[in-house]
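Q: I need the structure of the sequence given here:
(chains A, B, C and D)
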Number of protein chains: 2
Amino acid sequence: MNLAEKVYRQLKEDIFDFRMLPGDRFSESEVAERMQASRTPVREALYRLERDGYVQVYFRNGWQVRPFDFRYFEELYDVRTLLECEVVRRLCMETDRAERLSGLVTIWCCKPSQRQVDPVDVAFLDEEFHFGLLECGENTQMEAIHKDVCERLRIIRRLDFYEPGRIQATYEEHSSILEAILSADSSRATRELTRHIEVSRNTVRDITVHRIQEARQRYTTDLSRK
Amino acid sequence: MNLAEKVYRQLKEDIFDFRMLPGDRFSESEVAERMQASRTPVREALYRLERDGYVQVYFRNGWQVRPFDFRYFEELYDVRTLLECEVVRRLCMETDRAERLSGLVTIWCCKPSQRQVDPVDVAFLDEEFHFGLLECGENTQMEAIHKDVCERLRIIRRLDFYEPGRIQATYEEHSSILEAILSADSSRATRELTRHIEVSRNTVRDITVHRIQEARQRYTTDLSRK
DNA sequence: GCTATATATCTTGTATACAAGTATGAATTC
DNA sequence: GAATTCATACTTGTATACAAGATATATAGC
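A: Modelled structure (predicted):
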C-alpha cells in the first residue's frame, strides 16, 4: 500500500474519531511529521480528503478540518432516501428479489434472541443493510454515489445506536422494510424506509448536538472565515 | 490560478475534445513536458482526474484515459433522471415556482423566431436548463451531485444536437416541462422530463456510436486489462 | 497610546533528485 | 527454434530544496 494511501486512511480516522476536531487548523508539515512521511504523500492524501469534503485548503495559509454543517447533513440524508427508495421500488418489480434479499433477511428477520446488542456492531450491520439494498439493484453508479453519501454521513451516523431502544427499533424497521419488498408492496416499502431514515436522522442530530455540545461552537462554525 | 489547476483543466479539455482518446496510455513526464510544468502539479491534476473518473493509474506503470463504458453512461442517465424528477416534484409544491422559473421560461417558452439555432449554443443552453431546474430546488448537495453526474456525461452529451430536428424538439420538450411545473402538474412534469432525458440518451448513444465508429474498438474496451 | 510600515516567520506551490518497482528486449541456455 | 534469465530503460512513489505569498510581530512615526 502507498504511503499516501496510509496517510489518507489515518487522517480520515483521526477526523472520524475526533482526534482532529472540525474547525481545527493544521499544516502539511505538521501532519508529515506526525505521520513520519514527507509532505508529498501528505499533500496527495489531503487533496483526496478535500474532494471528499473533510478538509479544505486556504491558499498558502494552511488547512482546516471542515466544520460541521448540519444543513449539509440533512440534505445528504435526502439524497440517501431518494436513492434507496428508487432501488427499493425497482426491487419490488424483480421476480428474484427473495433470492437477492436472502442474506439481509437472515440477518434482520431473526428471533430477538439472535439479535446483536453491541451498538458498534449494530452500527456496522445497519450500514451493511443499506449498502446491501443498493447492491441488490443493478445500478453500480447509483451504488457508488450512495456509498459516497453514506461515507460523508458516517462521521455523525456512528454516534447513533447508543440511544436506548434504538437497536430494537432498527431491527423492527429493517425487517418490516424487507417484508414489504418481499410482498412487492412498493409504496409501503418506501414509506417505511423513508420513515426509518427520518428517525435515524433525527436521533443522530440530537445525539450529535448533545455529545459534542462542549465543542458545539466550533463544530457549527460556518465555513466562511476571513 | 494554480499551475495544477491549469493542467487539470487542460487535460480535461484534451480528453473532452478527443485529443487524448479513451484507452490512450501516457506518462506523467510526457504530460509535464507538453504542459511546460514539472511532474508535481501534473500528478496533482491527474489524481483529481482519476477521482473524477476520466483517467486511471497503473502502479508504477503509467496512466490511461479511461475507455468508454456505455453501460456506465446509461446508469448515470438514470441518476440524472432521478435527481431532476425529485426536484421537479418538490418544485410543483412551491408557491413561488413561477418566480423561480422565470429565467428559464423566457429562454425556452419563446417564439420560434427567437430560438437559438447553433447546435453548440443549444447544447450549452440545454445544460443550463437542467442545471437551472436543480438550482430552483433548495438542496445544494443534490445540485452538486447532479452537476457531477452531468459533468461525467458531458463527454458524450456534447455530441448531441447535431441530429436534424433535435433542436426544435428540445425547445418543445423543455417548454412543456416548464408549463407542467407551472400548472403544478407534478406527474405530467416528471413524465415529460423522463421522456425528454430518454430521447436525449438514445440520440446521444446513436450519434456517439456512429461518430466514433472507427475508434469504437478502443472506446468500448473494458477496463480490466492485465 | 495608536496607526502604519517593514521585516521575519510560516504556509503552500513547484521543481528536482533519487528510490523502488515494472516491463521490455537481448543474450543465453536447452 | 523456444523458453528462460538478466540487464536496461522507463514508470511512478517519495523526499527534499527552493520560490512565492500570507500572516503576525515588532518597530517607527505621530
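Q: quick one: secondary structure of the closest residue to A:Tyr58 other than its chain neighbours?
A: Leaving aside its sequence neighbours, A:Tyr58 sits nearest to A:Gln64 (C-beta to C-beta, 6 or more residues apart in numbering or on different chains; 6.9 Å). Yep, even glycine has a C-beta here, placed from its N, CA and C like the rest. For A:Gln64, the assignment made with DSSP: H, G, I helix; E, B strand; the rest coil gives strand.
Q: quick one, domains of chain A?
A: Chain A breaks down into these domains under automatic domain parsing: A:3-66, A:70-213.
Q: so the residue nearest to A:Tyr58 makes contact with A:Gly23?
A: Yes - using C-beta atoms under 8 Å, A:Gln64 is in contact with A:Gly23, at 6.8 Å.
Q: mean neighbour count for the domains of chain A - can I get that in JSON lines?
A: Output for the domains of chain A, formatted as JSON lines (neighbours: other C-beta atoms under 10 Å in any protein chain shown):
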{"stretch": "domain A:3-66", "mean neighbour count": "16"}
{"stretch": "domain A:70-213", "mean neighbour count": "17"}
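Q: and of the ones you listed, who's closest to B:Glu128?
A: The closest of these to B:Glu128 is domain A:70-213. By C-beta to C-beta, the value is 22.4 Å.
Q: the top helix by length along chain A packs against which elements?
A: With secondary structure taken from DSSP state H, chain A has its longest helix at helix A:186-211. Taking 3 or more C-beta pairs under 8 Å, 6 or more residues apart in numbering or on different chains; DSSP states H and E as contact, the helices and strands that helix A:186-211 lies on are helix A:70-92, helix A:140-157, helix A:166-182.
Q: which stretch in those helices is the model least sure about?
A: Out of the helices and strands packed on helix A:186-211, helix A:140-157 stands lowest, with a mean of 91 (criterion: mean pLDDT).
Q: any idea how far it is from the middle of the chain?
A: Relative to its chain's centre, helix A:140-157 lies at 6 Å (C-alpha atoms, centre = their mean, to the nearest Å).
Q: helix, strand or coil: sort out A:Glu135 for me.
A: helix.
Q: ok, so what distance separates it from chain B?
A: Per C-beta to the nearest C-beta, to the nearest Å, A:Glu135 is found 14 Å from chain B.
Q: what residues are up against that residue?
A: A:Glu143 (C-beta atoms under 8 Å, 6 or more residues apart in numbering or on different chains).
Q: per-residue pLDDT, it?
A: So A:Glu135 comes in at 96 (pLDDT).
Q: relative orientation of the helix or strand encompassing A:Arg51 and helix B:39-52 in degrees?
A: Using DSSP states H and E, A:Arg51 sits within helix A:39-52. On the basis of axes from the mean of the first three to the mean of the last three C-alpha atoms, to 10 degrees, helix A:39-52 is oriented at 30 degrees to helix B:39-52.
Q: what's the following helix or strand after helix A:39-52?
A: Taking DSSP H and E, what comes next after helix A:39-52 is strand A:55-57.
Q: for the helix holding A:Arg51, what does the pLDDT average out to?
A: Here the average pLDDT along helix A:39-52 is 95.
Q: now it: how far from the chain's centre is it?
A: Taking C-alpha atoms, centre = their mean, one finds helix A:39-52 lying 21 Å from the centre of the chain it belongs to.
Q: so is it next to DNA strand C?
A: Yes - contact between helix A:39-52 and DNA strand C, assessed by C-beta under 7 Å from any atom of the strand, occurs at A:39-40, A:43.
Q: restrict that helix to CA atoms and write it as CSV.
A: What follows is helix A:39-52 as a C-alpha-only set of coordinates in CSV (Å, rounded to 0.1, in the frame of the first residue of the first chain):
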residue,chain,number,x,y,z
ARG,A,39,5.0,16.4,2.5
THR,A,40,4.5,14.8,-0.9
PRO,A,41,2.3,11.9,0.1
VAL,A,42,0.6,14.0,2.8
ARG,A,43,-0.4,16.5,0.1
GLU,A,44,-1.8,13.8,-2.0
ALA,A,45,-3.8,12.5,0.9
LEU,A,46,-5.1,15.9,1.8
TYR,A,47,-6.2,16.7,-1.7
ARG,A,48,-8.2,13.5,-1.7
LEU,A,49,-9.7,14.4,1.6
GLU,A,50,-10.6,17.8,0.3
ARG,A,51,-12.5,16.3,-2.6
ASP,A,52,-14.2,14.0,-0.1
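Q: what helices or strands is that helix leaning on?
A: Looks like helix A:39-52 contacts helix A:3-16, helix A:28-35, strand A:55-57, helix B:39-52 (3+ C-beta pairs under 8 Å, 6+ apart).
Q: quick one: it near DNA strand D?
A: Yes - remark: helix A:39-52 sits within contact range of DNA strand D at A:39-41, A:44, by C-beta under 7 Å from any atom of the strand.
Q: would you mind listing what in chain A touches DNA strand C?
A: Residues of chain A lying near DNA strand C by C-beta under 7 Å from any atom of the strand: A:26-30, A:39-40, A:43, A:57-63.
Q: and the residues you listed, which is closest to DNA strand D?
A: A:Thr40 (3.5 Å; C-beta to the nearest atom of the strand).
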